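Peer 1: Next one to model:
(2 chains)
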Amino acid sequence: MTQSPTLSRRTASAPSQPRKSRRRGADARAGYTFLLPWLLGFIALTVGPMISSLYLSFTNYNLFDAPKWIGFDNYATLFQDERFLQSVGVTLQYVVFGTPLKLAAALAIAMLLNSKRKGQGFYRSAFYAPSLIGASVSIAIVWKAMFGDSGPVDQGLSFFGINLGGWVGNPNMTMGMMILLTVWQFGAPMVIFLAGLKQIPTDLYEAASMDGAGPVRKFLNITWPMLSPVIFFNLLMETIHAFQIFASAYIISNGEGGPAGSTLFYTLYLYLRGFSDFRMGYASAMAWLLVIVVGIITLIFFKTSKSWVHYSGDAK
Amino acid sequence: MTTTATPVTSTSSSPAPAYNPKSESTTAKRIKSAIFHIIALALVAMVLYPALWMITSAFKPNSEIGGANNALWSNNFSFDNFATAMEGIGGVSTLTFFTNSLILAVGAVVGTVLSASISAYAFARINFPGRGLFFGMMIATLLLPFHVVIIPQYIVFQQLGLVDTYVPLLIGKFLAADAFFVFLMVQFMRGLPAELDEAARIDGAGHVRIFGSIMLPLMKPALISTSIFSFIWSWNDFLGPLLYLNTPEKYPLPLALRLFVDQTQSSDYGAMIAMSVLALLPVLVFFLVFQRYIVEGVSTQGLKG
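Peer 2: Alright, predicted model coming up:
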């Protein structure tokens, strides 16, 4: 076994030109054959639908009559549609407050766990568990029950003299409830942070201690820059996912986005427009706007990353 | 698991390292360790509280779930809620919903493992023109909000008469539409030594043989992670079934749950929560059995939960 690789490399370099190009042709054929499942899916389920939804976004289409070309009308109408603007506001609030809070919790607990103490495996699994079930319908139902009038959350807060009543029916509180639901799922980014923290050489911290650096300076000058590629990855993925929250919002608001539109998330409104009102052209315009916004945000993330994300020298 | 949870102080019997004057005394170390475990356990209790509340509430009579009595304990624990939950909704037994969920999840696992591993082999091991371009496109689909494709997909499946069948829910799995899994397998295969295929080629093996006899057996960890996650994602999926399924006999559990909530409207909280527990049961069992694979999968591949 150990000898065959060197042997094979010698023989592999021997063949003359025509044999090599024949192998290349065979490789191309084999490559596309193996790629076929993905390629078919990519064309039929991604590229094709993307093009047709772009077309539909310029039409009036109700699934039964032929699409009618209306130019930019859908896009123009969007910005006069109050419910649309509300859904943008709700979603932005959720993304802007929920994602950083979730990541802060994930990083803080990852740092707490990043030691050689016993029980790491247990803690890691216990904190991760909510990430696996948090987006399910079951948890949405439980969340609704827990934050309902005189549910355990209301009871618990009353114990401390805070009487907020039920969160579910109060338009000012539902966002807090949704943000807590996403923060509760901090386990997945935490596990990724933890893997990143383990990569930081301990001698960096030892050297910093020798120089008299305290925990804050160590965090700012070692942990943050060394972890920045992982922070970037988590921030990008969590932000993009946060824009797409659906099931929890649907269940908690009975599929309506209430009370008073306070849980009318972007994707929920898109769903209602497309599959409840059958305004497929309008919904397509919403979908494309989401793609554009997410694309711009991704681009901004990558552009600004140069100033704060540090890749260690040996990485490509 | 229970043993690791109890605060265990670092081995005190070992001789204190005398060469390091800065090293803390064993008692100081013990106290620090105890504080760590107290904080960590308090956080665990907080994080797992909703899950505990859910499980205990499922066994409580309705009168004790809302209202004054919200402690985790009750003297009236019973299986009554589960009995109600198992009856199902609108003449369809909960067992049917379970079976439907299972069919969809197993289909998703089979389709994803097959299509993602085959496609990943092309990306990781075959040199063909256009590989880099397609790989970039696959990565881009990881970031693409999938809502942009659901409307045209729905229109096509509707015209093909496939609405209210499982075809729209499963076809993507057999066409490697979950780019995450392709990416995971590509990364894994790239980590396997290239000499393996070269040696096999010299022995006259084609790509089919190399893939089937060399790569697949070595890829077991990646295949297991993929199976676990595609099962759980399919099990929890709500939007797909909501879009495509109309008859309750075909509903998987998440959709059945929604129907249950709509029909009982908080009149029977206990049964609703019991059914929620039942719907999560397979996921929880999976987690307990495969937690190492799951957590490792997340930490090495950045897989989402």
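Peer 1: so the nearest residue to B:Ala222 once chain neighbours are set aside is in which element?
Peer 2: Spatial nearest neighbour of B:Ala222, excluding adjacent residues (Cβ to Cβ, 6 or more residues apart in numbering or on different chains): B:Phe188 at 3.9 Å. Every residue, glycine included, has its C-beta placed from N, CA and C. Element membership for B:Phe188 (DSSP states H and E) is helix B:179-190.
Peer 1: one step back: just list the residues touching the residue nearest to B:Ala222, thanks.
Peer 2: B:Ala120, B:Met219, B:Pro221, B:Ala222 (Cβ atoms under 8 Å, 6 or more residues apart in numbering or on different chains).
Peer 1: Pull the most distant pair out of the residues you listed.
Peer 2: B:Ala120 and B:Pro221 (13.7 Å; Cβ to Cβ).
Peer 1: circling back: just the buried positions in the helix holding B:Phe188, please.
Peer 2: Within helix B:179-190, the residues that count as buried by 16 or more other Cβ atoms under 10 Å in any protein chain shown are B:Ala179, B:Phe180, B:Phe181, B:Val182, B:Phe183, B:Leu184, B:Met185, B:Val186, B:Gln187, B:Phe188, B:Met189.
Peer 1: and the last one, what does it touch?
Peer 2: When the contact criterion is Cβ under 8 Å, 6+ apart, the partners of B:Met189 are B:Ala120, B:Tyr121, B:Ala124, B:Arg125, B:Met215, B:Met219, B:Ala222.
Peer 1: how much space is there between B:Asp197 and chain A?
Peer 2: 10 Å (Cβ to the nearest Cβ, to the nearest Å).
Peer 1: and that residue, what helix or strand is that in?
Peer 2: helix B:195-202.
Peer 1: Could I have the CA atoms of that helix written out in CSV?
Peer 2: These are the backbone C-alpha positions of helix B:195-202, laid out as CSV (Å, rounded to 0.1, in the frame of the first residue of the first chain):
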residue,chain,number,x,y,z
GLU,B,195,-3.1,8.2,-4.1
LEU,B,196,-6.0,5.9,-3.4
ASP,B,197,-7.7,6.7,-6.8
GLU,B,198,-4.4,6.8,-8.6
ALA,B,199,-3.5,3.3,-7.5
ALA,B,200,-7.0,2.1,-8.4
ARG,B,201,-6.7,3.6,-11.8
ILE,B,202,-3.4,1.9,-12.4
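Peer 1: hey, where'd the strands end up in the stretch 1-150 of chain A?
Peer 2: With DSSP state E, counting those that start in this stretch as the criterion, the stretch 1-150 of chain A has strands at A:59-60, A:68-69.
Peer 1: Of these, flag the one that's most buried.
Peer 2: strand A:59-60 (a mean of 18; mean count of other Cβ atoms under 10 Å in any protein chain shown).
Peer 1: Residues contacting that strand, please?
Peer 2: Applying Cβ under 8 Å, 6+ apart, the set of residues contacting strand A:59-60 from outside is A:Pro67, A:Lys68, A:Trp69, A:Ile70, A:Asp73, A:Asn74, A:Arg279, A:Gly281.
Peer 1: is it possible to export the contacts of B:Met189 to TSV including secondary structure and distance to A:Val309?
Peer 2: Compiled in TSV, the contacts of B:Met189 are given as follows (DSSP: H, G, I helix; E, B strand; the rest coil; distance: Cβ to Cβ, whole Å):
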residue	secondary structure	distance to A:Val309
B:Ala120	helix	27
B:Tyr121	helix	32
B:Ala124	helix	26
B:Arg125	helix	31
B:Met215	helix	33
B:Met219	coil	31
B:Ala222	helix	27
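Peer 1: Widest-spaced pair of those?
Peer 2: The two members of those with the most space between them (Cβ to Cβ) are B:Arg125 and B:Ala222, at 13.7 Å.
Peer 1: between B:Ala120 and B:Pro221, who's got more neighbours?
Peer 2: Between B:Ala120 and B:Pro221, counting by other Cβ atoms under 10 Å in any protein chain shown, B:Ala120 is the more crowded of the two (30 against 13).
Peer 1: Backbone torsions only: list them for the residue nearest the centre of chain A.
Peer 2: Geometric centre of chain A, nearest residue: A:His241, 2.5 Å, by Cα atoms, centre = their mean. The phi and psi values for A:His241, taken as degrees, to the nearest 10, are phi -70, psi -40.
Peer 1: ditto for B:Thr247
Peer 2: Residue torsions, per degrees, to the nearest 10, at B:Thr247 are phi -100, psi 130.
Peer 1: what's the spacing between the closest residue to it other than its chain neighbours and B:Glu249?
Peer 2: Counting by Cβ to Cβ, 6+ apart, B:Thr247 lies nearest to B:Asp164, which is 6.0 Å off, once chain neighbours are set aside. Per Cβ to Cβ, to the nearest Å, B:Asp164 is found 10 Å from B:Glu249.
Peer 1: which of these two has more neighbours?
Peer 2: Comparing B:Asp164 with B:Glu249 by other Cβ under 10 Å, the one with more neighbours is B:Asp164, at 14 against 11.
Peer 1: my guess is the more buried one contacts B:Leu245, does it?
Peer 2: Yes - if you go by Cβ atoms under 8 Å, B:Asp164 and B:Leu245 touch, sitting 5.9 Å apart.
Peer 1: And B:Ala45, how far from chain A?
Peer 2: Taking Cβ to the nearest Cβ, one finds B:Ala45 at 9 Å from chain A.
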